[in-house]
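**Q** Below: sequence and its predicted model.
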Amino acid sequence: MMKQMRENTKVILWVVVIAFVITIFAVWGLDLQTGGNVQQGQSLVGRVNGVAVTPQTYQSVYNQISQQYRAESTQDQIPPVQQEMIHDQAWESIVTNILTEQEIEKLRIGVTDEEVLTYLRSSPPPEVRSYFVDDAGNFDFAAYQAALNNPEADWTAVEALVRQRIPLIKLNQYLMSQVHVSTEEIRREFEEESIRLLARYVAFPVANEDPSGYTPSEEQIASYYEAHADEFAVAAKASLRYVRIPLEPTGRDRADLAYTIRDLRDQIVGGESFETVAETYSEAFTARVGGDAGFVRAGQRPPEVLAAAAALAPGQVSEPVLTDAGAYLVQLVETRGKGDEAEYHIREIQLDLSAGVLTTDSLSAVAQDLQRRAAEAGMAAAVAEFGLTVSTTAPFVAGFPIPGVGLAPQLSRFAFANEPGTVSGVLGDGSAYYVCEVAERLPTTVEPLDDVREDIVASLLAERRREMAHRKAEAFHRTLSASSRGVSLASAAQQYQYTVVPTDTFTVRGRVGSIRASSPFQYAALALEAGAVSPPIDGDDEVYVIELLFKGTFDAARFQEQAPTIRERVYQRKVQQYVAWWYEAIREGSKIEDFRGAVL
C-alpha cells in the first residue's frame, strides 16, 4: 500500500498544490472542520459549507503567502495590486482546503500508525530532510534513521504533519484510479502526431456568400433571443459614492528625499562602493546588479540624468539629481558617440518621490475622521462638514475597473458585499485613501430584445451565410459521388470554376496553410483513405471538400517504442482534466459565503 502511495506521489496533480496550506493548518492547529474557536459576536471572513473562516485563520494564511512573496521578490513593500491578489489567493486556499478535507472525510480516508511509521522510514518529509545533510550537502539517510530510532527524540510535530499529508496522498491515489487510458487512445494520439498526410481541397468561404435576399422574421429573432438568453445576460452591477484623499508627497517629503540622496552620496564619497549602496537602497530595477544600467541614451532616462552623466569623467559620481518623480545619483563608466548620438554607460541609484510616513499618517487621520462622521451622519453630511468633494461612479461589474477610479479590488469587493447606504472603512490602493458608500446595487438582468435586435439579425445572417456555403459544398460533393465515371475533384472544380488548393504534407497537430492546427480539416483528412473524398467539413471560416492524396503508413515498431511515453502524457492530461472537473463539481455543489468585503 505505502509503496503504491509513494509511486503515486510522483504524479504531478493540481490537487497536490493544496498540501502546503493543509500543512500550515496542521502546524498552526487551526481547526477548519469546525471553524476553530469562534467567539460570540465575532465577525467572520466567510463560511464554506457551514465551516466558519475566522479573521485569525484568514490572516494567518495571508501572512504566510505574503512571506513567500517577499522571499521571492526584490521589493521590500508588496504593491497594493499584488496585496489584493494575495488576499484572493489566501481565500481560495482556505476554501480549497476545507472542501478537500470534507471530501476526505466523506470518502472515509484515514491513516493508521503503521502507515505513519512506514512513511517516515521510507519517505522523509522535505521539511525534515534539510536537517540531515552530510559534509557534501547531501541527505544523510543513516543519520536520519538514527534520529528516527532515538527514543529521546520527540517526533510528535512531524508525525502530526505526516498524518495530515497521507490522507491527501490517498485522495490523489483515489482520483488517479478513476482515470484510464486505452490502447486505442494511445494509438490515436500517435497517429495524430506522426501520420503524414497530403491532400487537395476546395474551400467555400462563408464570408463570400450573399444573404441579401434573406430577412429574418420576428419569430426567428424571438426564437434566437430565447435560445441564447445567456449571451445577452447583463452581470450584476454596483455604483459607489466616494471621497478620494490622494497620497501626494509634500514639500517636506521632497526635502527628506533630497537629504536621503545626499546622505547616500556622502557614503560613496566616504569610501562605500557605488554598487553596494545601489543594491541596498536603490528602488530602480537595476539595484540587483549594483545599479548597472548599461548604455543609455536620450529618451531612456530623464534629461536631467543624462545631462549629469554627460558632465562626468569615467568613475565620477554626480551630485544628486532631483526630478519630478524622484532623485538620482549617477556614476559614469564610459561614453560612446557624440552629440545627439551619445550613449552613456552608467550606474544609477534611484529613489522614488512618495508620501512619507508623517504625510500618510496625517492623511490617514483625515480619512478616519471622515469615515466616522460618514458612518454617523451619512456621506453627504460628512462631505459638507469636511469641505471635500464626493464623486459617484457609473455602475460597474465586480472584478472590473471602476469608472473614474481604475482597478481597485478592495473597493469592488466592498461594493458587492454590502447594501446601498453602507459606508466603508478607510480603504486604500497605495495611491490614495478612500471612504465609500454603496450608492446602488443592480441585479443580473437580460438585455431587452429591442436593444440586441441588430446583433441577433447579424448572427442569423451569419448562420445563413454558413448554410449557403454548406449547400454549395454539398452540391459539389454530390457531383463527385453521383458520377459512375468517377469525376475527379480537379475536373469537377474546373467545371464549376472552383479553385483546387494543394497542401504540403501535414499531420493533425500541424497547420495547413492558414488553417489552424488540430482543426476539423486535419481530423477529417486523417479519417480518409488515400484517394477518398470527404463530405463537406465545417471549418472556422470555410467549408471544405477534401481529397486525400497520400497517407503515411502506421509504423508499428515506432508505436511500440513511443507507446509508454504517449500513455503517460495522455494519462497526465486526463488526470488533470478529471481533477479539475472533480473540484469544480464539488465547488458548484457547495455553499461558499465570502464576507471579506464587509469585514476586511
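**A** Now that the structure is in, tell me what you want to look at.
**Q** Helix or strand for Phe550, just tell me which one.
**A** For Phe550, the host element (DSSP states H and E) is strand 542-551.
**Q** in that strand, what counts as buried?
**A** For strand 542-551, a neighbour-count test (16 or more other CB atoms under 10 Å) marks 542-549, 551 as buried. (Each C-beta comes from the backbone N, C-alpha and C, glycine too.)
**Q** the strands in the stretch 201-350 of the chain, which residues?
**A** 233-234, 237-246, 292-296, 321-322, 326-336, 343-352 (DSSP state E, counting those that start in this stretch).
**Q** Including mean pLDDT and mean neighbour count, could these go into JSON lines?
**A** Below are the strands of the stretch 201-350 of the chain laid out as JSON lines (pLDDT from 0 to 100; neighbours: other CB atoms under 10 Å):
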{"stretch": "strand 233-234", "mean pLDDT": "93", "mean neighbour count": "14"}
{"stretch": "strand 237-246", "mean pLDDT": "96", "mean neighbour count": "20"}
{"stretch": "strand 292-296", "mean pLDDT": "94", "mean neighbour count": "17"}
{"stretch": "strand 321-322", "mean pLDDT": "95", "mean neighbour count": "18"}
{"stretch": "strand 326-336", "mean pLDDT": "95", "mean neighbour count": "20"}
{"stretch": "strand 343-352", "mean pLDDT": "94", "mean neighbour count": "22"}
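**Q** Thr565: which of those is closest?
**A** Closest approach to Thr565 among those (CB to CB): strand 292-296, 43.6 Å.
**Q** gap between the closest one and the chain center?
**A** Between the centre of strand 292-296 and the centre of its chain there are 33 Å (CA atoms, centre = their mean, to the nearest Å).
**Q** now swap in stretch 362-375 and tell me
**A** Centroid separation between stretch 362-375 and its chain, computed with CA atoms, centre = their mean, is 35 Å.
**Q** Now do that stretch: everything it contacts.
**A** Stretch 362-375 is contacted by residues 243, 245, 247, 355, 381-383, 385-386, 388, 423-426, 433-435, 437 when judged by CB atoms under 8 Å, 6 or more residues apart in numbering.
**Q** Now for the protein, the helix or strand with the poorest mean pLDDT.
**A** The helix or strand of the chain with the poorest confidence is helix 19-28; it has a mean of 40 (mean pLDDT, DSSP states H and E).
**Q** Give the next helix or strand downstream of that one.
**A** strand 46-48.
**Q** any idea which of the buried residues of strand 542-551 is the one closest to Ser123?
**A** The closest of the buried residues of strand 542-551 to Ser123 turns out to be Lys551 (CB to CB; 49.0 Å).
**Q** and the closest one, what does it touch?
**A** Lys551 touches 195-198, 526, 528-530, counting by CB under 8 Å, 6+ apart.
**Q** what's the offset of stretch 213-220 from the middle of its chain?
**A** Chain-centre distance of stretch 213-220: 43 Å, with CA atoms, centre = their mean.
**Q** quick one: terminal-to-terminal distance for it?
**A** Length of stretch 213-220, first residue to last, CA to CA, to the nearest Å: 16 Å.
**Q** Name the residues of that stretch that are buried.
**A** Pro216.
**Q** which other residues reach it?
**A** Stretch 213-220 has contacts (CB under 8 Å, 6+ apart) with 224, 456-457, 460-461, 464.
**Q** How about Asn49, nearest residue that isn't a chain neighbour?
**A** Of all residues not flanking Asn49 in the chain, Ser590 sits nearest, at 5.2 Å (CB to CB, 6 or more residues apart in numbering).
**Q** And the pLDDT for the one you found?
**A** Note for Ser590: predicted pLDDT of 96.
**Q** residues in contact with Ile543?
**A** No, residue 543 isn't Ile; it's Val. 203-204, 206, 466, 469-470, 472-473, 536-537.
**Q** repeat for Arg187
**A** Contacts of Arg187 (CB under 8 Å, 6+ apart): Phe559.
**Q** Tell me how far it lies from Glu561.
**A** Per CB to CB, to the nearest Å, Arg187 is found 13 Å from Glu561.
**Q** my read is the residue nearest to Asn49 is in a strand, agree?
**A** No: according to DSSP: H, G, I helix; E, B strand; the rest coil, Ser590 belongs to no strand; its state is coil.
**Q** how near is it to Gly50?
**A** Separation of Ser590 from Gly50 (CB to CB): 10 Å.
**Q** And Gly290, by the same measure?
**A** Distance, Gly290 to Gly50, using CB to CB: 55 Å.
**Q** who has more neighbours, these two?
**A** Neighbour comparison, Gly290 and Gly50: the larger count goes to Gly290, with 18 against 12 (by other CB atoms under 10 Å).
**Q** Quick check, pLDDT for the residue positioned nearest the centre of the chain.
**A** Closest residue to the average C-alpha location of the chain: Met85 at 9.7 Å, with CA atoms, centre = their mean. At Met85, the model reports a pLDDT of 87.
**Q** Show me this protein divided up by domain.
**A** Split into domains by automatic domain parsing, the chain comes to 2-178+591-599, 196-232+450-551, 236-248+358-443, 251-354.
**Q** Could you list the low-confidence segments of this structure?
**A** Within the chain, the segments meeting pLDDT under 70 span 1-42, 74-76, 482-486, 599-600.
**Q** please redo it, this time with the cut-off set to 50
**A** 1-36, 484 (pLDDT under 50).
**Q** Show me how far the strand holding Phe550 is from its chain's centre.
**A** Taking mean C-alpha positions (CA atoms, centre = their mean), strand 542-551 and its chain are 39 Å apart.
**Q** Ile245 contacts Tyr434, doesn't it?
**A** Yes: judged on CB atoms under 8 Å, Ile245 makes contact with Tyr434 at a distance of 7.5 Å.
**Q** Need the phi and psi values for Val457.
**A** Dihedral pair for Val457: phi -60, psi -40, per degrees, to the nearest 10.
**Q** check contacts around it.
**A** With CB under 8 Å, 6+ apart, Val457 has these contacts: 216, 221.
**Q** hang on, the earlier thing: quick one: which of the contacts of Lys551 is nearest to Val45?
**A** Leu526 (52.7 Å).
**Q** Buried ones in the host helix or strand of the closest one, by neighbour count?
**A** Taking DSSP H and E as the definition, Leu526 sits inside helix 520-527. Using 16+ other CB under 10 Å as the test for burial, helix 520-527 gives 521-522, 524-526.
**Q** Just confirm Thr359 is within a helix.
**A** Yes: using three-state DSSP, the assignment for Thr359 is a helix.
**Q** how close does it get to Tyr433?
**A** 12 Å.
**Q** Which of those two has more residues huddled nearby?
**A** Taking neighbours as other CB under 10 Å, Thr359 and Tyr433 compare with Tyr433 leading, 21 against 17.
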